[in-house]
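Asks: have a look; sequence and predicted model below, questions after that.
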Number of protein chains: 2
Amino acid sequence: MSQNPTLKKIAEKLNVSISTVSRALKDHPDISPETKRKVNELAELIEYDPNPYAVNLRTHNSKEFAIVVPSLSNFFYHSFISSIEEDARMYGYSVIIYRSANDPKIELEILKSCRHKRVSGIFIAITSETKEIEPFLKLDTQGIPVIFFDKVPEYESCNKICVGDAHAATLAANEILKKGFKRVFGVFGDKNMSITQVRLQKFAEVISNDGSEIILETVHATSSAEAEAMTLKALSNYKKNDFVIFCMSDETLAGAMKAIQRKGLKTPEDIGIVAISDGMIPQLFYPEITYAETSGFKLGKLAFNRMMKCIAGSSFAQTIIDQSMLIEGGSL
Amino acid sequence: MSQNPTLKKIAEKLNVSISTVSRALKDHPDISPETKRKVNELAELIEYDPNPYAVNLRTHNSKEFAIVVPSLSNFFYHSFISSIEEDARMYGYSVIIYRSANDPKIELEILKSCRHKRVSGIFIAITSETKEIEPFLKLDTQGIPVIFFDKVPEYESCNKICVGDAHAATLAANEILKKGFKRVFGVFGDKNMSITQVRLQKFAEVISNDGSEIILETVHATSSAEAEAMTLKALSNYKKNDFVIFCMSDETLAGAMKAIQRKGLKTPEDIGIVAISDGMIPQLFYPEITYAETSGFKLGKLAFNRMMKCIAGSSFAQTIIDQSMLIEGGSL
DNA sequence: CTGAAAGCGCTTACAG
DNA sequence: CTGAAAGCGCTTACAG
């Protein structure tokens, strides 16, 4: 069991002290080049790697990041996680994934576990029920940076990396105006989520501010199946060529597309559709669906960047909004 | 910084020794009920939680599982990870995610990191280039159980949890025979992957053994785009109603569906399609695509189960095959 | 029933 | 340039 190389073993073989070996390995200026060479050679040979638990016990630096998300069955979070994982490994960090199941109690437990592990930092998308953010702020003051992403609290002075909800909604709405549709059917998600509120509000604002006589009907669906049923119902009094559907998320998009297919309608000939999406689902269809992109991958890069700055000592809280881009398919 | 509760602090407050506190907390029979009560009360009060790094340094038990996958942008792996994460947290383990980027060198590095962290166990889908499995076996003998899943090595005596490739291919092939198609176009993945070989071989076998005059054409695509191009080409001499497409994976399915939509064909009226899939993509279309299910979630449950047995001391290596089920959509 | 002591593997002031 | 020593927070034989 104890066959793992340790400082002690190297020290014994080389007839120097453990301290010397430790210093040589971290290229401490005190140590002679000759000793350094010998130590490094042997370390290489026997594949020495410091025991991370011992290091942490001394230094309280775990070289682990935690990512906490409400759910793992979500393309957006996957690409966020991939993105973080990619950067983390370059910097020698590992990534621990936690799933809060959208339950604030579990979320709190996870935070506790993060604290005891003394993770180097936490990326978190909070649950839709999370009310208290003191526990998060406390971690921050204890030296564990917390970067909120996607689902973030209202509270001002914390680090937040968000999708540009208003901007994405505007892009989609403008595209609809540009094409001159007469009726818009907007499929939105759970009413309680702040992103739903922002997207809905902005979308409605842009559409109605246009001055033209566009009819906007909106619904809230909490699942794909619900989105499908609602869209189907809306399509019952469908008239060719003046109708466009807007979906605020991949989940609602999946449902709406199902309804469109069920009705045997074709985009863009029979009906238009545009969404806010991470891009995976839009690309499964032909013509590809036009969408305002919310990239988990890009968000991950921004979040990681911010994290590294926090670790380097930046205590200045910042909200970063990732502006989205319109990706043109041919669906409207 | 050092404001975290420790055994020492409890001991001081209660005027007992650290040893006593440690024992009381783990309900050691030696300790008096009275002492236990006092210790536990205080521990509760100040929210004591053992420092996992200190515990590990002593016990070499990390309570962390590692999951290693070639890529994270894959629905199948996501559901596998979700599944493991769910079980792991119930048992008080955390889950570390590693991505090998399908590179055996990175894979090796990850293994090394797992060894030094002394993770409690590893779930791994190996890269398609992995030749040497000694490093894996070595971990196993060092007391870190390795459970291979999905992409597993040929080597016999190790723990493997696989999708029933042959069975899934058979299910799909039988469905095709049942419906009496005349021409089958099979879209397969990377030739080098063992799952491709098994699926192709079995599929071809079942189709050709039927005795009827079915024409089977197969291609290998390494991306969705390639699958789309190849399917498009095959569709150029398409004749209504005798043509069915089989896709061995979600990736190839995405490509084939794109081609079908591009041609303006409808399933099942114009053309049939059947796949092996995790189920996410098939459900996006209407009619839903019929598929032989390979469930990452179910595989995860099986793998976790096996892991717990290994940790409990089972040294007997075992290969578990998860038989798939045919999920009927209406696509052929 | 309880405690003193060693030790897991490392880091880092302190001393020389 | 190098080493002895203390200590991170815990566990566990050993002794009483």
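Replies: Nice, I can see it.
Asks: what's the closest non-adjacent residue to A:Gln142?
Replies: Using C-beta to C-beta, 6 or more residues apart in numbering or on different chains and skipping the chain neighbours, the partner closest in space to A:Gln142 is A:Arg115 (7.1 Å). Glycine gets a C-beta too; all of them are placed from N, C-alpha and C.
Asks: quick one, phi/psi of that neighbour?
Replies: Dihedral pair for A:Arg115: phi -60, psi -40, per degrees, to the nearest 10.
Asks: what about it, how many residues nearby?
Replies: A:Arg115 has 18 neighbours, counted by other C-beta atoms under 10 Å in any protein chain shown.
Asks: got it, and the one 4 residues further on?
Replies: If you count neighbours by other C-beta under 10 Å, A:Val119 ends up with 22.
Asks: does it count as helix, strand or coil?
Replies: Here A:Val119 is coil, with the state taken from DSSP: H, G, I helix; E, B strand; the rest coil.
Asks: who in the stretch 51-200 of chain A is up against DNA strand C?
Replies: By C-beta under 7 Å from any atom of the strand, the part of the stretch 51-200 of chain A that sits against DNA strand C consists of A:51, A:54-55, A:57-59.
Asks: now, of those residues, which are buried?
Replies: Among these, those scoring as buried are A:51, A:57 (criterion: 16 or more other C-beta atoms under 10 Å in any protein chain shown).
Asks: in strands, which of the residues of the stretch 51-200 of chain A next to DNA strand C appear?
Replies: If you go by DSSP state E, those have nothing in strands.
Asks: farthest pair within the residues of the stretch 51-200 of chain A next to DNA strand C?
Replies: Spanning the widest gap among these are A:Asn51 and A:Thr59, at 12.1 Å by C-beta to C-beta.
Asks: could you pull out the helices for the stretch 1-150 of chain A?
Replies: Using DSSP state H, counting those that start in this stretch, the helices found in the stretch 1-150 of chain A span residues A:7-14, A:18-25, A:33-45, A:52-59, A:75-90, A:104-117, A:134-141.
Asks: winner for burial among those?
Replies: When those are scored by mean count of other C-beta atoms under 10 Å in any protein chain shown, the highest mean neighbour count falls to helix A:75-90 (a mean of 21).
Asks: that one vs helix B:75-90, what angle?
Replies: In terms of direction (axes from the mean of the first three to the mean of the last three C-alpha atoms, to 10 degrees), helix A:75-90 departs from helix B:75-90 by 80 degrees.
Asks: quick one: helix A:75-90 near chain B?
Replies: Yes. Using C-beta under 8 Å from any C-beta of the partner chain, helix A:75-90 comes into contact with chain B via A:78-79, A:81-82, A:85-86, A:89.
Asks: spatially nearest residue to the residue in the stretch 101-250 of chain A positioned nearest to chain B (excluding sequence neighbours)?
Replies: Closest approach of the stretch 101-250 of chain A to chain B (C-beta to the nearest C-beta) occurs at A:His116, with a separation of 4.7 Å. Setting aside the residues directly before and after it, A:His116 is nearest to B:Asp49 in space (C-beta to C-beta, 6+ apart), at 4.7 Å.
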